[in-house]
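A.B. asks: Task: produce atomic coordinates for the following.
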Amino acid sequence: MNIASIDFLALHAPLADGKAYGMSKSLATGRATTLVRIALEDGTSGFGEAWGPPAFNMGYLAFLRGYLLGVNVLDVEHVFDQIFARHYHFGFQGPMMACISGIDMAAKDAAGKMLGVPVCRLVGGRNLDAVPIYASGGYLTATPREDYRGQIERMAGAGFAHVKIKIGLGPESDEERLATAREILGDDVEILVDINTNYTFDLARESMERMRPYRPGWVEEPLSPRDYDGLARLHACASAPIATGEALYGVHDFKPIVEAGSADVLQPDLSLCGGFWQGRKIAELAHAAHLRVSPHVWGGAVGLAAALHYISALSVYPHAMNVPKPVLLEYDLGENPLRSELLKDPLVPVDGVIAVPEGPGLGIEIDMDAVERHAAKQ
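C.D. replies: Residues are numbered from 1 along each chain as shown. Modelled structure (predicted):
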């Protein structure tokens, strides 16, 4: 069960001219990710996904191989601890943690295949067979007024019970976008809103007050996730739950958020925060503080599969048979071949849920022809 090889595969899927979409701070002209592949000495392979520009991640590959080759695949978390203990000057934040996130995913995938069990059973036990999603769309574009209404109408036509829209251009715009979404989607759909850290405290407070009549399910990243005091002040006067964490690395980044009382929903991204290794610690931190968890997913198909297993294994405590608000999986509606084409059997929602794969490991099969098509030119 020792690791024989580790490879990083850079993937890129450019968008057509004029099709850029994104958030309040920037628009994406393409989607990119780093696919991580581990092979064990017996030939068993595992796949993971590392967040961020592949060129950044590639620089860490030789360094991390030096620590992990020859290690028992079940022991990798101790090696990660050794790396950060010895190289504490690097810090937890940055591409090295993203690379370790992908390696950890791949290690869990390979271990599950080796043992014949799904990853959810390796990281806490299979508690759910299917996970409800929220549809992440309502994106900002180069012409946000012209493009927005059609996006929401398509969401309404698909019948999603939970959706998320992008805001953050200003409090007046936020109110207008949420009011439009509420008008089209109706009163029964939960609408989450995402500012992507584009505001100062006063703007975030004004935005939340303006949106109050339209009942946002949560307000995501109203301020920088490391503005612990600002988030705590905002939380004290908030009219809706606050969600944050997609840009935080490891449990040590989440701890001050919890201690300051800055958020209601923690949003670790498994491809960035430290994979299942740190994701489980973050979930335990939330568990101890009676906070909700909803993992951020805005990458490729492997990260989506990992998030399914992660949610399946989460404790429902303090709930029991009645779970008033189930943990939601983010399902990105944007054009993204790295989500829709990388698997031989893509993960897609049916009746508002995605089934947790039952096969060993992550339970997915990579389409290597698709990987080849989207391989980034070096």
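A.B. asks: quick one, helices of the stretch 251-378 of the chain?
C.D. replies: Counting by DSSP state H, counting those that start in this stretch, the stretch 251-378 of the chain has helices at residues 275-289, 301-313, 337-340, 368-373.
A.B. asks: tell me the angle of the first one relative to helix 301-313?
C.D. replies: Interaxial angle, helix 275-289 versus helix 301-313 (axes from the mean of the first three to the mean of the last three Cα atoms, to 10 degrees): 40 degrees.
A.B. asks: List the buried residues of helix 275-289.
C.D. replies: Under the neighbour-count criterion of 16 or more other Cβ atoms under 10 Å, helix 275-289 has G275, F276, W277, Q278, G279, R280, K281, I282, A283, L285, A286 buried. C-beta coordinates here come from the backbone N, C-alpha and C atoms, glycine included.
A.B. asks: Compile these into CSV and extend it with columns for pLDDT and distance to E335.
C.D. replies: Shown next, in CSV, are those (pLDDT from 0 to 100; distance: Cβ to Cβ, whole Å):
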residue, pLDDT, distance to E335
G275, 98, 26
F276, 98, 28
W277, 98, 31
Q278, 98, 30
G279, 98, 27
R280, 98, 32
K281, 98, 34
I282, 98, 30
A283, 98, 31
L285, 98, 35
A286, 97, 32
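A.B. asks: Nearest to L314 among those residues?
C.D. replies: A283 (5.8 Å; Cβ to Cβ).
A.B. asks: picking up where we left off before, now render the buried residues of helix 275-289 as a markdown table, adding distance to L342.
C.D. replies: What follows is these, written out as a markdown table (distance: Cβ to Cβ, whole Å):
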| residue | distance to L342 |
| --- | --- |
| G275 | 18 |
| F276 | 20 |
| W277 | 23 |
| Q278 | 24 |
| G279 | 21 |
| R280 | 25 |
| K281 | 28 |
| I282 | 26 |
| A283 | 26 |
| L285 | 31 |
| A286 | 30 |
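A.B. asks: A39 falls within a strand, correct?
C.D. replies: Yes: assessed by DSSP: H, G, I helix; E, B strand; the rest coil, A39 belongs to a strand.
A.B. asks: Quick check: beta-bridge partners of it?
C.D. replies: Beta-bridge partners recorded for A39 (DSSP bridges): S5, S45.
A.B. asks: Which residues are in contact with it?
C.D. replies: Applying Cβ atoms under 8 Å, 6 or more residues apart in numbering to A39 gives the contacts I3, A4, S5, S45, A110.
A.B. asks: now with 10 Å?
C.D. replies: By Cβ atoms under 10 Å, 6 or more residues apart in numbering, A39 lies in contact with I3, A4, S5, I6, D7, S45, G46, A106, A110.
A.B. asks: same deal with L308?
C.D. replies: Here L308 is in contact with 118-120, 128, 130-131, 133, 295, 297, 329, 347, 354-357, 362-364 (Cβ under 10 Å, 6+ apart).
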